[in-house]
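> here is my input, please return the structure:
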Amino acid sequence: MSGPNEIDVISIVGMPGIGKSTLAYRVYYDKYDVGHFEVRSWCTVDQEPNEKKILQKIFNEVISLKERVGENDIDDEVADKL
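Just a heads-up that it's a prediction; the model follows:
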């Protein structure tokens, strides 16, 4: 939390089973960390990533329920909005 404010994404990578998901979950729901980020989104990525599905998951996390979009509606405009 003491790093630069310009960080947009924090990636957690490593070998399977070392606790990446546990670490991410704890940071995501930590009371102190919640207030540090203007927008937060929880998204898991499949073994074979699909860019449209990932964008859809993240976008749907950061917008209200009434504005949710379907997978076929994800395009460059949605990515730019995100």
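
> quick one: mean pLDDT over the single longest helix found in the chain.
For the chain, the longest helix by residue count, based on DSSP state H, is helix 51-62. With pLDDT averaged residue by residue, helix 51-62 scores 82.

> output the contacting helices and strands for that helix.
Contact here means 3 or more Cβ pairs under 8 Å, 6 or more residues apart in numbering; DSSP states H and E; on that basis helix 51-62 packs against helix 76-81. (Each C-beta comes from the backbone N, C-alpha and C, glycine too.)

> so for the helix it packs on, mean pLDDT?
Mean pLDDT, computed over helix 76-81, is 67.

> number the chain from 41, please
In the new count, where the first residue is 41, that last one comes out as helix 116-121.

> distance check, Thr62 against Ile52.
Thr62 sits at a distance of 10 Å from Ile52 (criterion: Cβ to Cβ, to the nearest Å).

> how about Tyr68?
From Tyr68 over to Ile52 (counting by Cβ to Cβ), the distance is 11 Å.

> next one: Gly59
9 Å.

> same check on Gln96?
The gap separating Gln96 from Ile52 is 21 Å, by Cβ to Cβ.

> which residue ranges of this protein form helices?
Listed in chain order, the helices of the chain (DSSP H) span residues 60-69, 71-74, 91-102, 116-121.

> what residues of the longest one count as buried?
Applying a neighbour-count criterion of 16 or more other Cβ atoms under 10 Å, the buried positions in helix 91-102 are 95-100.

> so which of those residues is the closest to Gln87?
Within the set of the buried residues of helix 91-102, Lys97 lies nearest Gln87; the separation is 15.2 Å, counting by Cβ to Cβ.

> appreciated, that's everything.
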